[in-house]
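In: okay, structure incoming, though there's no sequence with it:
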Ligand SMILES: O=C(O)C(=O)[C@@H](O)CO
Ligand SMILES: [Mg+2]
């Protein structure tokens, strides 16, 4: 059973954000992740991590105006300066929180700009960010996300596309964030894809499908996949990134049901 991280942007919504850290450790998690820490002072979040004895597994580079529908800046030709400033912000928070990897959300490209132009901007932004973050020993990830349900218009939607972009960036500090829920929707073939690309995968996330609820609800066979991750030697965190059907604490049975070992500490690189 891989080591589990609690995604505080989706779990423990019963509590204010800063109170979710204690809730996560009470539930047996030893690391957390979330979309964005930037709404809070880094030292406040660091204090919550310290008090709860939690590791910071991951968060995203600034994503733009989430409430206005923005889902990342990295492909946007008119936001390059803002993107570069956002990398410095992410580096500051990652160092303050002891976080060793951050994800770069690609963004939703304008309809009137050719995908090839968006990709060029993405590759150049990733090359800059991978270098800047690498100086601080922080790994950079990119995550394909389904554009059929959760993020219509999102630029990065498949593993092959992500790996081709990683190849074009040509940095040893750029890795894949593999969200099993999204990839079940977009491509399937999950176990083989993870195994074939294991050295290039920096983080994995899970949720049931359909519905993006607890992993024990729906068509994805997580007991098989968790054993598979152990068998192939995946050493990173697995982020529990799902919408609980009720109170979070009432739906955690899947962790013990799968031999949950959230108590394991991470030795992720
Ligand atoms: O939406 C997802 O899936 C995520 O992992 C978010 O944190 C955006 O990266
Ligand atoms: Mg995800």
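Out: Yep, it's here. Computed from a prediction, not measured in an experiment: that's the story for all the values here. Ligands and ions are numbered 1, 2, ... in the order given.
In: find the closest residue to ligand 2 in this structure.
Out: Closest residue of the chain to ligand 2, CB to the ion: residue 179 (3.6 Å). All C-beta atoms are positioned from the backbone trio N, CA, C, and that covers glycine.
In: can you tell me the closest non-neighbouring residue to that residue?
Out: Nearest residue to residue 179, sequence neighbours excluded (CB to CB, 6 or more residues apart in numbering): residue 205, at 4.3 Å.
In: residue 200 reaches residue 176, doesn't it?
Out: Yes. When contacts are counted by CB atoms under 8 Å, residue 200 is listed as touching residue 176 (5.1 Å).
In: the residue nearest to residue 179 contacts residue 238, correct?
Out: Yes. The pair residue 205 / residue 238 is scored as a contact, 7.1 Å apart, by CB under 8 Å.
In: helices or strands next to whatever helix or strand residue 93 lives in in the packing?
Out: Using DSSP states H and E, the element containing residue 93 is helix 80-97. When contacts are defined as 3 or more CB pairs under 8 Å, 6 or more residues apart in numbering; DSSP states H and E, helix 80-97 packs onto helix 42-52, strand 55-60, strand 101-104, helix 115-135.
In: what's the local residue count around the nearest residue to residue 177 once chain neighbours are set aside?
Out: Of all residues not flanking residue 177 in the chain, residue 143 sits nearest, at 3.7 Å (CB to CB, 6+ apart). Counted with other CB atoms under 10 Å, residues neighbouring residue 143 total 23.
In: next: the one 10 residues further on.
Out: Per other CB under 10 Å, the neighbour tally for residue 153 reads 13.
In: residues in contact with it?
Out: Residue 153 makes contacts with 108, 109, 111, 147, as judged by CB atoms under 8 Å, 6 or more residues apart in numbering.
In: same check, this time on residue 79
Out: 64, 73.
In: before we move on, what about the one 10 residues further on?
Out: Shown in contact with residue 89 (CB under 8 Å, 6+ apart): 38, 61, 62.
In: try 7 Å
Out: 38, 62 (CB atoms under 7 Å, 6 or more residues apart in numbering).
In: state the distance from it to ligand 1.
Out: In this view, residue 89 and ligand 1 are 16 Å apart by CB to the nearest ligand atom, to the nearest Å.
In: how much space between that residue and residue 123?
Out: From residue 89 across to residue 123, the span is 21 Å (CB to CB, to the nearest Å).
In: phi, psi for residue 198 please.
Out: phi -50, psi -50 (degrees, to the nearest 10).
In: also residue 146?
Out: phi -70, psi 140.
In: how about low-confidence regions in the stretch 51-200 of the chain?
Out: Within the stretch 51-200 of the chain, not a single segment meets pLDDT under 70.
In: what does it have sitting close to ligand 2?
Out: residue 179 (CB under 5 Å from the ion).
In: hmm, back to that, from the contacts of residue 153, pick the one nearest residue 15.
Out: residue 108 (30.0 Å; CB to CB).
In: just give the closest residue to the closest one, not the sequence neighbours.
Out: residue 153 (4.2 Å).
In: good, we can wrap up now.
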